[in-house]
Structures are given as C-alpha cells and as structure tokens.
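In: Sharing a model prediction with you, sequence too.
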Amino acid sequence: MMDPIFPPKDSMYHRLNPLCMMLWSLSVVVAALVFDNPVYLTLLFTATVLVAIYAKVFRGWMSYMKYCIWLCMLIMLLNPFFSHHGTHILYVFPFNVPLIGRPEISLEAIAYGAGMSLRLLTIMSAFASLLYTVNPDDLLDSLTRFRLFPKSTYVTSLAFRFMPALIRDSDTLTEVQESRGIRLNSGNMIQRVKARIPVIFPLLSNSLDRAVQVSEAMESRAFGCNSKRTFYKNPAIGGLEYTILFLSVLTVLAAACIRYVGFGSYNYYPSLEPITFTFEEIPYIIVFTILVFSIIPLAQINSRGLR
C-alpha cells in the first residue's frame, strides 16, 4: 500500500544519498537566519523552489507552503500594530488601545514584516524540500549509521512509521462507520466529536496493540544489546555526493564570511535603506549564488551515473 505521507517518486534528488539533501537544507536554513538582506533571502528561496520543481514534488511542496503563506500574511498584518519605530507613518488610528497607545502603521513596519515573512518562507521551503525528497526512514537510517543518539533516532523513526498506519486505520474505521449509516460530518462541533467516538476508541486500541507487537519484536531481536548492527539498505555515496556535502558546508562558511566582512545586512529602522551593492560585495554574491544553486547541476550529473 502506498504511503500517504511519502509517496514514491523518481527524480535525481530522490536518488541522492539522504545526507546530501539534509545538509543542503540545513545550509539554506542557517544562511536564511544569518542574512537580513532581502536579496540574499530571495536567492535562497528561489533555490528551494527550483529544487522542488526539478524533484517533481512542486504540487506537494505547494500544498505545504500555502499554510506558511497564510501565516506570513498574518505576520505582515499584525507587525505594524505592535511596531511603531518607523519614520514614514502611513496611517494613525483615531483611538487608543490599552498598553499599546494609538496604533500607527509605518512603511518600515510593513517592510520588516515582509522581510521576516520571506525569511520564514525560505526556512519552511527548505524543510518542505527535504520532507518531499527524502523518506524519513532513509534519513533516520543514515543518522543511525553515524551513531548519533541511535535509540532516540530509532524512536523517531518508529513515530514516522506509525503516522501512515494511523491515517490508514482512521480512513478504514471512518468508512466502516459511514457504511453503517453514522454521519460523522454533520451537525455542530459537539455532535461531530460525539460521532467520532466510535472511531477514536478502536484507533487507540489498534495503536496500543501495534506498539506492543513492535516492542515484543524488538525484545526478541535483542535490540540495544550490541553496539554493532547491520542494515537492510546500504545506500552508496559517490564522489559527486561528497562534493554536494562539501559545498553545503562551504555555503554555511561563505554566509558567515559575508556577514563577518559586513555584507548581507539590512536596516529596516528607523528608515528603509536603499538596496544597493558595492563592487566589493558583487563577487561575494556571485560565489554564494554558485554555492547555493550548485546542487541542481550536480544532482543531474549524479543521476546519470557519473560518480
């Protein structure tokens, strides 16, 4: 049965070693937290969008990101009401709010909310790209090979495996109850909750039974008694994948270096700065862009078997 959380895909990113996408996504997240300049954040966000398109997961990526877009719109709407530091006042409300005073909407507050929303979109887009291109089991299996908290990693892996099973059981129980004439989605909120009780209790019972079966299977195989273990899958990692890992680390170092020399920042208050670049900054931008987007051509070469 197909996993509803991670349906099977076949793209150059799905064929990469899971560590490549994990480290690249983390490098994008770190760089998004380091930079304040909207240009750098736009470059990072564009890279995540291109990865989602080339990985053939844009539809799933978009279904994940639409909730983030609503959250960003809420941030942009609320930030001007709580931040009154801008010098360009667009509107002053004719009433006072307790503990806040008379609300003022400034251009700087709107721009700051937009900049922080772009940062949030970039971070969530990086995680969405990782979620839809790497199976959680494969990712956690790769972490286990490095002996990074193996028991905690295995517990997390079990949690990921239980989620599709819970969804399947819930769908099955819902169909059974509806076939018996029980209307689960009619009435007010209280009536809907009461109608779901015949689904919740069997679902909890099945989950507890499944947990007992897993614990008995782990105990019968002496889980945790030996530090050395074997793996069902042994994903190979080639030279190009090592290159992607190296460039991902180099991306983080480049972001830190750019901020250290004084570039990549942007001041929203007290007045908006004009977005300009000096001749000294342009080489840094070019190098950083090449590092961030390098995973796209390298993944294409790697998918053709040129390791």
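Out: Yes, it's here. Numbering: from 1, shown residues only.
In: can you give me the helices for the stretch 101-250 of the chain?
Out: 107-133, 136-145, 150-179, 189-195, 197-220, 239-260 (DSSP state H, counting those that start in this stretch).
In: most packed of those?
Out: helix 107-133 (a mean of 21; mean count of other Cβ atoms under 10 Å). Heads up, the C-betas are built off the backbone N, CA and C, glycines and all.
In: how distant is that one from the center of its chain?
Out: 11 Å (Cα atoms, centre = their mean, to the nearest Å).
In: do you know how far Ile110 is from Phe45?
Out: 19 Å (Cβ to Cβ, to the nearest Å).
In: and if you look at Glu241?
Out: For Glu241, the distance to Phe45 - Cβ to Cβ - is 24 Å.
In: so what's Ser106 bridging to?
Out: Ile89 (DSSP bridges).
In: Present the helices of the stretch 101-250 of the chain as CSV; the columns should include distance to Met73.
Out: Compiled in CSV, the helices of the stretch 101-250 of the chain are given as follows (distance: least, Cβ to Cβ, whole Å):
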stretch, distance to Met73
helix 107-133, 8
helix 136-145, 29
helix 150-179, 28
helix 189-195, 26
helix 197-220, 34
helix 239-260, 27
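In: Out of those helices, which gets nearest to Pro274?
Out: The stretch from the helices of the stretch 101-250 of the chain with the least distance to Pro274 (Cβ to Cβ) is helix 107-133; that distance is 12.1 Å.
In: Same list, the helices of the stretch 101-250 of the chain, but as TSV with distance to Thr289 and mean pLDDT please.
Out: As requested, these are exported to TSV (distance: least, Cβ to Cβ, whole Å; pLDDT from 0 to 100):
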stretch	distance to Thr289	mean pLDDT
helix 107-133	14	89
helix 136-145	27	71
helix 150-179	34	74
helix 189-195	50	74
helix 197-220	46	82
helix 239-260	10	92
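In: Looks to me like Thr276 is in a strand.
Out: No - Thr276 sits outside any strand when classified using DSSP: H, G, I helix; E, B strand; the rest coil, being coil.
In: So what's the residue count around it?
Out: 6 (other Cβ atoms under 10 Å).
In: One more: Glu281?
Out: So Glu281, with other Cβ under 10 Å, has 16 neighbours.
In: Find the nearest non-adjacent residue to Cys257, please.
Out: Setting aside the residues directly before and after it, Cys257 is nearest to Tyr284 in space (Cβ to Cβ, 6 or more residues apart in numbering), at 7.8 Å.
In: if I read this right, that neighbour contacts Ile258, doesn't it?
Out: Yes - here Tyr284 lies in contact with Ile258, judged by Cβ atoms under 8 Å, at a distance of 5.1 Å.
In: Of all the helices of the stretch 101-250 of the chain, which one comes closest to Pro18?
Out: helix 136-145 (4.5 Å).
In: what sits against the spatially most distant residue from the centre of the chain?
Out: Farthest-out residue of the chain from its mean C-alpha position, per Cα atoms, centre = their mean: Pro94, at 41.3 Å. Applying Cβ atoms under 8 Å, 6 or more residues apart in numbering to Pro94 gives the contacts Arg102.
In: Now Ser271: which helix or strand?
Out: When elements are assigned from DSSP states H and E, Ser271 belongs to no helix and no strand.
In: Can you read off the backbone torsions of the residue lying closest to it once chain neighbours are set aside?
Out: In space, and not counting its chain neighbours, Ser271 is closest to Thr87: 5.0 Å by Cβ to Cβ, 6+ apart. Phi and psi for Thr87, reported as degrees, to the nearest 10, are phi -90, psi -20.
In: Model confidence for Thr87, exactly?
Out: Per-residue confidence (pLDDT) for Thr87: 78.
In: Would you mind measuring from Ala109 to Gln300?
Out: For Ala109, the distance to Gln300 equals 43 Å [Cβ to Cβ].
In: for Gln300, helix, strand, or coil?
Out: Going by three-state DSSP: Gln300 is helix.
In: Skip the chain neighbours and tell me the closest residue to it.
Out: Closest to Gln300 by Cβ to Cβ, 6+ apart is Met12, at 5.6 Å.
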